[in-house]
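A.B. asks: output the structure for:
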Amino acid sequence: MTTGQKALIAYIIIFLVGLSSGVLISNTFSVQPESAPTEFSERETRGERFGWQRQRGERPERGDFGSYMARRLSLEADQQDEFLGKLRAYNANVRQTMQERREEEGQVILQKYLDFRDEITELLSEDQLLQLDSMVHPDTVRQRGVQRTMREGRQNR
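C.D. replies: Numbering: from 1, shown residues only. So this is what the prediction gives:
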């Protein structure tokens, strides 16, 4: 047996030992006790707690959520119009509330920044203050976030 053949056999043996130990280690760490819920079963259990009986693969079409809910709730024809109207009003109310909260949050953040800026006005020069504003002013940060989102959206197309 030549040295090359011995090296090839040693390489194959080392490969097989590594492969089998990798499989054994993988199986050791991925085995879960019977009582440990998987991610899907946790969601399923939580859903059942609230009476959800979602069937696999059933998803509402975009813009058709009201009809989907009506079907899933088995609403009668006379219930559907009132239900869908109240659902739309609820969604509009939540959307408006969230928008108001974002605006309030923005005002609080801006005021905190302006207070901070007032504290450091004597410490920094006018050029340094302008540079600081260009880096961390809430409006600047928000605008950069919008620009980044738009740039990423164009790149993903």
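A.B. asks: and D133, what does it touch?
C.D. replies: R117, T140 (CB atoms under 8 Å, 6 or more residues apart in numbering). No exception for glycine: its C-beta is placed from N, CA and C like everyone else's.
A.B. asks: beyond whichever helix in the chain runs longest, next helix or strand please.
C.D. replies: What stands out as the longest helix in the chain, according to DSSP state H, is helix 77-120. For helix 77-120, the following helix or strand on the C-terminal side (DSSP states H and E) is helix 126-136.
A.B. asks: would you indicate which residues of that next one are buried?
C.D. replies: By neighbour count on 16 or more other CB atoms under 10 Å, the buried set for helix 126-136 is L132.
A.B. asks: quick check: next helix or strand after the lowest-mean-pLDDT helix or strand in the chain?
C.D. replies: Every helix and strand in the chain was compared by mean pLDDT, DSSP states H and E; the lowest is helix 39-49, with a mean of 50. Proceeding N to C from helix 39-49, the next assigned helix or strand is helix 65-72, under DSSP H and E.
A.B. asks: got the angle between that next one and helix 77-120?
C.D. replies: 130 degrees (axes from the mean of the first three to the mean of the last three CA atoms, to 10 degrees).
A.B. asks: buried sites along stretch 94-114?
C.D. replies: Quick answer for stretch 94-114 (16+ other CB under 10 Å): Y113.
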